[in-house]
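Participant: Predicted model and sequence below, questions to follow.
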Amino acid sequence: MAENVTIARPYADAAFELAKGAGALGPWSDALDKLAAIVADPDARGCISDPKLTADQIHGLMVGIAGETLNQEQQNFVRILVENERLIVLPEIRDLFVALKNEHEGVKEADIASAFPIDDATLANLKADLEAKFKAKLNVKVRLDPELIGGVRIAIGDEVIDASVRGKLASMAAALKN
């Protein structure tokens, strides 16, 4: 939802600046992952939206579930989100934070859809080739998509490389229509 992203942006920016200043981008990313997973749980959402619970109780619940992995700054961040009733946008805060972190580190996200499982050696070679082509370090996520029939479809940023059988068939069909 666009509205949630708009609400989440200043919090993500603040978390990023705190993390960057402390040289703790990785730990903050891990903490936001954990907090976003907690908020995504239906039982936790019920507690967060329960008007009978005070802000201190909700904060205690979130910090308690997250365990001892949260440092004091991260616990304070959770307190601010609770007080401003913004816990529900933690998944968007996490996504924006990761985007800022990746931009800062020169990392791009690569989504590879494959018709069949890709072995580790092939994936390593493909990743190395893509990193050379895009001149950036890549975080690669591979998913199976049997609808591709064969081959792969790679999306990096707004660029798509479609080397799938389905994509080639679609190109041939379009060429035949013209």
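Facilitator: The structure has been received and is ready for your questions. Residues are numbered from 1 along each chain as shown.
Participant: ok now do the residue nearest the centre of the chain, which residues does it touch?
Facilitator: Central residue of the chain (CA atoms, centre = their mean): Asp95, 4.5 Å from the mean position. For Asp95, the contact set (CB atoms under 8 Å, 6 or more residues apart in numbering) comprises Ala8, Ala12. In short, each C-beta sits where N, CA and C put it, glycine included.
Participant: Check whether it sits in a helix, strand or coil.
Facilitator: helix (DSSP: H, G, I helix; E, B strand; the rest coil).
Participant: Tell me the spacing between it and Leu126.
Facilitator: Distance from Asp95 to Leu126, counting by CB to CB, to the nearest Å: 25 Å.
Participant: Which parts of the protein are helices?
Facilitator: 2-22, 25-40, 42-48, 55-66, 72-83, 90-105, 120-134, 165-177 (DSSP state H).
Participant: Buried ones in the second one, by neighbour count?
Facilitator: For helix 25-40, the buried set under the neighbour-count rule, 16 or more other CB atoms under 10 Å, comprises Leu25, Pro27, Trp28, Ser29, Ala31, Leu32, Lys34, Leu35, Ala36, Ile38, Val39.
Participant: Equivalent analysis for the shortest one, please.
Facilitator: The neighbour-count check on helix 42-48 (16+ other CB under 10 Å) flags Ala44, Cys47, Ile48 as buried.
Participant: do the same with the fifth one
Facilitator: By 16+ other CB under 10 Å, the buried positions in helix 72-83 come out as Glu73, Gln74, Phe77, Val78, Arg79, Leu81, Val82.
Participant: tell me which strands and helices it is in contact with?
Facilitator: With contacts taken as 3 or more CB pairs under 8 Å, 6 or more residues apart in numbering; DSSP states H and E, helix 72-83 sits against helix 2-22, helix 25-40, helix 55-66.
Participant: I am finished for the moment; much appreciated.
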